[in-house]
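Novice: Any chance you can model this:
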Amino acid sequence: MRARRRPVRPRRSFFIAGEGQSERPFARFLQYLCDEAGLYVHLDIKPQDGGGSVAVIEQAGRWLKRNRSRREYQARLVLLDRDRIEAEPQEGIQAQAAATRYKLEVIFQDPNLEGLLVRLHAGQEQRKIRASDSESELRKMWPAYQKPPTAEQLRQRFTLDDVRRAATYDQHLRKLLAVLGLWS
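Specialist: This next block holds a predicted model:
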């Protein structure tokens, strides 16, 4: 007689879309953090083909519509660079309307992913940086930085404590961590 296997509890799944290829390693880094924290979650990461913020949201929404029977998501998130929205306020209004239509929650990286990575360094949490300066400032702190970084490079460079410290001063990062269960 075969021994009964314990039922495997399903992972809580989260949909994460990003503007391009740089967000994929960051989202994989978040998956590492969730795993290390003992959270039983799966991040379904779908980088979009770039374009404006509205196009990114529309692409993510269409993907979700085509694949709706695949999985039920605890949350449906889109990572966007705040600098693009600030540069074109009308695009921001349209992006938010599209996100509402597709039931997506927008998480802004301030001012962009490189600016966020600057703030993950100790002592830089509250730093306000212009998008045009973020990559050069990041290279000053991380001379080996190459765009896009790999998830493993992010994992070797930063810890959950670094991310939580930065989230103390960044409401969108804090919201992202809270949704995933990394912030209490």
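Novice: Need the contact partners of stretch 176-184.
Specialist: Stretch 176-184 has contacts (C-beta atoms under 8 Å, 6 or more residues apart in numbering) with 14, 30, 33-34, 37, 39, 41, 43, 74-75, 77, 105, 107, 160, 163-164, 167, 174. All C-beta atoms are positioned from the backbone trio N, CA, C, and that covers glycine.
Novice: try stretch 16-36
Specialist: For stretch 16-36, with C-beta under 8 Å, 6+ apart as the criterion, the contacting residues are 41-50, 53, 56-57, 59-60, 63, 77-81, 104, 113, 147-151, 153-155, 158, 160, 163, 176, 180-182.
Novice: ok, now stretch 136-151?
Specialist: 21-22, 24-26, 28-29, 31-32, 114-115, 117-118, 121, 124, 129, 135, 157.
Novice: Buried ones in it, by neighbour count?
Specialist: Buried residues in stretch 136-151, counted by 16 or more other C-beta atoms under 10 Å: 137-138, 142, 145, 148-149, 151.
Novice: Likewise for stretch 149-164?
Specialist: By 16+ other C-beta under 10 Å, the buried positions in stretch 149-164 come out as 149, 151, 153-155, 157-158, 160, 162-164.
Novice: What is the nearest of the residues you listed to residue 9?
Specialist: The closest of the buried residues of stretch 149-164 to residue 9 turns out to be residue 160 (C-beta to C-beta; 22.9 Å).
Novice: List the single closest residue to that closest one in space, sequence neighbours excluded.
Specialist: Sequence neighbours aside, residue 33 is the residue nearest to residue 160 in space, at 4.9 Å (criterion: C-beta to C-beta, 6 or more residues apart in numbering).
Novice: Mind telling me what element the one you found is part of?
Specialist: Using DSSP states H and E, residue 33 falls within helix 23-36.
Novice: Following the chain onward from that helix, which element is next?
Specialist: Past helix 23-36, the next helix or strand by DSSP H and E is strand 41-47.
Novice: Which strands border that following strand, and is each parallel or antiparallel?
Specialist: Next to strand 41-47 in the sheet, as set by DSSP bridges, lie strand 12-18 (parallel).
Novice: can you give me the angle the strand it pairs with makes with helix 23-36?
Specialist: Here the directions of strand 12-18 and helix 23-36 differ by 160 degrees (axes from the mean of the first three to the mean of the last three C-alpha atoms, to 10 degrees).
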